[in-house]
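K.L.:
coordinates only, no sequence provided:
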């Protein structure tokens, strides 16, 4: 099992973690956000957190009737913009991401995903097919789409939230890229339709949330829908010269669960690997944030 974390990313750092919080630097700005997995104690004293941070996030009361986390508030302590740009560079892979302070504590990027971006870039470059078709499902603000596109992929980016797809398009333009296909749709419906059409992809990236809703109110619950969407993805993944990446954030799923369900659906594959993605703070404390499994055919 692999344990992977971003390396040498100048525009991001996890400064400290603990007390169910994390202190992070995105570009030139330092943010404090809730983090339920940071169950240990902080290393830096509270006054040092206060001195470094530009803003901190106070969570809402919990989960509302619609199953969505109640919005919270950002408490700005120093002057900073509502939106700003960071760079990601790893070898030949480069792109830019616009960040912003959302009502649900997110800022537009999940930094621990950087090892998956590197993998996607390398995997697309290695495909023998010119301009291979790549599908990114639950694609959020599009870092994985940008990695696939930078490698020469013909990328379809799908998310159920129109505002998030608009954000991803902005990231594409900010990065000097073009040509990504944008889809606002329920992921399971889209994949089923692609299977009926006989469409095939050389790469599929799947990063589903624990719960959510499609544009028409379709309900998504990971433990009820994951097997279905994996089975549908198998129908549209090219049987050779292809790759697949699954990332999961749900606390109820381990890396072994992710690997077992993918093996159950796809059978024998090559170069299969699985594990956890984590962030390491300046004091060596490792914060696990998601699990992944990926393979090639």
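P.N.:
Perfect, I can see it now. Predicted model, so just to flag it, every value in this text is computed and none were measured.
K.L.:
OK, contacts around residue 174?
P.N.:
85, 96, 97, 98 (Cβ atoms under 8 Å, 6 or more residues apart in numbering). For glycine as for every other residue, the C-beta is placed from the backbone atoms N, C-alpha and C.
K.L.:
I'd say the second one and residue 173 touch.
P.N.:
No - the pair residue 96 and residue 173 does not pass the contact test of Cβ atoms under 8 Å, sitting 9.5 Å apart.
K.L.:
higher neighbour count, these two?
P.N.:
residue 96 (19 against 12; other Cβ atoms under 10 Å).
K.L.:
which other helices and strands does the worst-scoring helix or strand of the chain on mean pLDDT contact?
P.N.:
Ranked by mean pLDDT, DSSP states H and E, the helix or strand of the chain with the weakest confidence is strand 211-213, at a mean of 72. Under the contact definition 3 or more Cβ pairs under 8 Å, 6 or more residues apart in numbering; DSSP states H and E, strand 211-213 sits against strand 219-221.
K.L.:
just to revisit the earlier point, partners of the least confident helix or strand of the chain in the sheet?
P.N.:
strand 219-221 (antiparallel) (DSSP bridges).
K.L.:
how far away from the center of its chain is the partner strand?
P.N.:
Distance of strand 219-221 from its chain centroid, counting by Cα atoms, centre = their mean, to the nearest Å, is 18 Å.
K.L.:
try stretch 268-280
P.N.:
15 Å.
K.L.:
buried ones in the least confident helix or strand of the chain?
P.N.:
211, 212 (16 or more other Cβ atoms under 10 Å).
K.L.:
all helices of the stretch 51-200 of the chain, in order?
P.N.:
Along the stretch 51-200 of the chain, counting by DSSP state H, counting those that start in this stretch, helices occupy 114-126, 143-150, 162-174, 187-197.
K.L.:
Serialize those helices to CSV and add fields for mean pLDDT.
P.N.:
Shown next, in CSV, are the helices of the stretch 51-200 of the chain (pLDDT from 0 to 100):
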stretch, mean pLDDT
helix 114-126, 98
helix 143-150, 98
helix 162-174, 98
helix 187-197, 97
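K.L.:
highest mean neighbour count out of those?
P.N.:
helix 143-150 (a mean of 28; mean count of other Cβ atoms under 10 Å).
K.L.:
now the angle between helix 114-126 and that helix, please.
P.N.:
Inter-element angle recorded for helix 143-150 and helix 114-126: 20 degrees (by axes from the mean of the first three to the mean of the last three Cα atoms, to 10 degrees).
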